[in-house]
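Would you be able to build a 3D model of this:
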Amino acid sequence: MQLLYHSDSFVVVRIDVPAEHPGDLQRGGYEIVDKFARKEIFLEGLLAESFKAGVEQLAETEPSVEEFDAYLARFTALAQQPLAMH
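Prediction:
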């Protein structure tokens, strides 16, 4: 698990799950937590690749925190999982 982004509104973590056996596919993705909505979403597969490509494209413009948070909000609008503290 690697913390990629942290702001007053969001946290983004990359999660890599190593393959159990040689030749198995590695799994993983990105978890985005919306602190104000108290919801999280886990992106994997094609959606995770799309997210990564969008982040890389946005990073080229040197976005402000507000611009980056707006990008993340597009994904957390899909969030259905309520955030629970353990």
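
where does His50 fall, helix, sheet strand or coil?
Let me fix one detail, which is that residue 50 is Ser and not His. Secondary structure state of Ser50, per DSSP: H, G, I helix; E, B strand; the rest coil, is helix.

Could you give the number of residues near it?
12 (other CB atoms under 10 Å). (Glycine included, C-beta is placed from N, CA and C.)

residue ranges with poor pLDDT in this protein?
19, 21, 23-26, 81-86 (pLDDT under 70).

Strands of that one, residue ranges please.
Assigned by DSSP state E, the strands in the chain fall at 2-6, 10-17, 27-34, 39-44, 81-82.

Could you save those strands as a markdown table and add columns showing distance to Ala59 and mean neighbour count?
Shown next, in a markdown table, are those (distance: least, CB to CB, whole Å; neighbours: other CB atoms under 10 Å):
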| stretch | distance to Ala59 | mean neighbour count |
| --- | --- | --- |
| strand 2-6 | 11 | 11 |
| strand 10-17 | 13 | 16 |
| strand 27-34 | 14 | 19 |
| strand 39-44 | 17 | 18 |
| strand 81-82 | 27 | 10 |
